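**Student:** Sequence and predicted structure, then a few things I'm wondering about:
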Amino acid sequence: MEEIIRVDNLSFSYPDGQSALTDVNLTIYRGETVALIGPNGAGKSTLLLHLNGILHSNGVVKVFGRAVDDKNLRWVRSKVGLVFQNPDDQLFSPTVFEDVAFGPINMGYSEAEVRKLVTRALEWVGMIGYEQRSPHHLSLGEKKRIAIATVLSMNPEVLVIDEPTGNLDPGSKWSLIELLKGLEITKIIASHDLELVQALCPRAIILDRGEVIADGATSHILADKRLLSAHGLARNKPS
């Protein structure tokens with residue numbers, strides 16, 4: 001299997017001294033859909049922000065064998081697309097078209113190429129016809145789809161998504177799960193939604209208090225009620 005992302009001995013503390021990650025080691029392979037699960041404050045979002053260079057710290061993060069550092073940052077971000085938990089952090093233009101076109105324009109594509117990339121990305125997320133709509137007047141589920149499209153328009157090889165189903169109603173949640181299931185791309189999904197994890201991710205990694213607690217087949221991890229309970233993930237305490 002081709003190694004796409006490798007994290008070695010990664011530790012990170014915020015400026016106030018709070019430790020967020022401690023000696024994290026993991027490898028992601030091409031074609032995988034991997035869940036990063038854990039309670040709030042486990043360090044999931046902090047880890048995701050290291051995968052395309054928004055955060056840097058002690059340890060090594062590599063994408064396709066290249067270090068995630070200032071020298072490689074533009075290249076890394078063309079390979080690893082990050083979708084934030086709150087779509088309002090990703091949508092800032094007057095229209096959906098402008099938001100989805102922002103990345104390709106900044107990558108230097110021609111006008112014709114930009115239009116082609118935007119159309120394809122909107123088709124992938126089921127949002128054709130929304131090009132001239134204001135993203136700020138859309139529902140949360142629609143905003144999340146557009147946020148994903150802003151990343152897909154740049155043709156990344158890895159899609160990194162933070163809490164994609166957070167605050168969605170059940171209908172919007174399962175619609176988004178089906179959308180993600182249909183995307184043939186390596187995916188890393190941070191979530192504490194175990195229904196999403198079970199439906200989408202053959203592999204799961206438990207992160208708690210900044211440490212990797214378990215890494216293996218999702219079916220095995222979700223069956224271990226005692227493990228889930230110990231790390232704030234089980235619905236019911238083990239007997």
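**Tutor:** The structure has been received and is ready for your questions.

**Student:** secondary structure class for the residue nearest in space to the middle of the chain?
**Tutor:** With distances taken as CA atoms, centre = their mean, the residue of the chain nearest its centroid is Ile161 (1.7 Å). What DSSP: H, G, I helix; E, B strand; the rest coil gives for Ile161 is strand.

**Student:** Read off the pLDDT value for it.
**Tutor:** Looking at Ile161, its pLDDT is 97.

**Student:** Distance of it relative to Gln18?
**Tutor:** Using CB to CB, to the nearest Å, we find Ile161 at a distance of 24 Å from Gln18. Just so you know, the C-beta spots here come from the backbone N, C-alpha and C atoms, and that holds for glycine as well.

**Student:** just Gly141 next, same as before
**Tutor:** For Gly141, the distance to Gln18 - CB to CB - is 33 Å.

**Student:** now do Lys44
**Tutor:** Counting by CB to CB - Lys44 and Gln18 are separated by 15 Å.

**Student:** Looking at those two, which is more packed in?
**Tutor:** Neighbour count, other CB atoms under 10 Å: between Lys44 and Gln18, Lys44 has more, with 27 against 10.

**Student:** That one touches His50, doesn't it?
**Tutor:** No - with contact defined as CB atoms under 8 Å, Lys44 does not count as touching His50 (11.3 Å).

**Student:** what ranges of this protein fall below the confidence cut-off?
**Tutor:** Applying pLDDT under 70 to the chain picks out residues 235-239.

**Student:** quick one: the strands in it?
**Tutor:** 3-13, 19-29, 33-37, 58-63, 66-67, 80-83, 158-162, 186-190, 203-208, 211-217 (DSSP state E).

**Student:** which residues does the residue found closest to Asn9 once you drop the neighbours it is linked to in the chain contact?
**Tutor:** Distances taken as CB to CB, 6 or more residues apart in numbering place Gly59 nearest to Asn9, at 4.6 Å, with adjacent residues excluded. Counting by CB atoms under 8 Å, 6 or more residues apart in numbering, Gly59 makes contact with Val7, Asp8, Asn9, Leu10, Ser11, Phe12, Asp23, Val24.

**Student:** Could you pull up the residues touching Asn176?
**Tutor:** Slight slip there: residue 176 is Leu, not Asn. Gly141, Lys144, Arg145, Pro164, Thr165, Leu168 are the contacts of Leu176 under CB under 8 Å, 6+ apart.

**Student:** coming back round to it: leaving out the residues flanking it, which one is nearest to the residue nearest to the centre of the chain?
**Tutor:** Val83 (4.5 Å).

**Student:** Quick check: that neighbour vs Ile185, distance?
**Tutor:** 12 Å.

**Student:** List the buried residues in stretch 172-190.
**Tutor:** By neighbour count with 16 or more other CB atoms under 10 Å, stretch 172-190 contains the buried residues 172-173, 175-177, 179-180, 185-190.

**Student:** I'd like a version of these in a markdown table, one that adds distance to Leu73 as further columns.
**Tutor:** Below are the buried residues of stretch 172-190 laid out as a markdown table (distance: CB to CB, whole Å):
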| residue | distance to Leu73 |
| --- | --- |
| Ser172 | 34 |
| Lys173 | 33 |
| Ser175 | 34 |
| Leu176 | 29 |
| Ile177 | 31 |
| Leu179 | 29 |
| Leu180 | 26 |
| Ile185 | 21 |
| Thr186 | 20 |
| Lys187 | 22 |
| Ile188 | 19 |
| Ile189 | 23 |
| Ala190 | 21 |
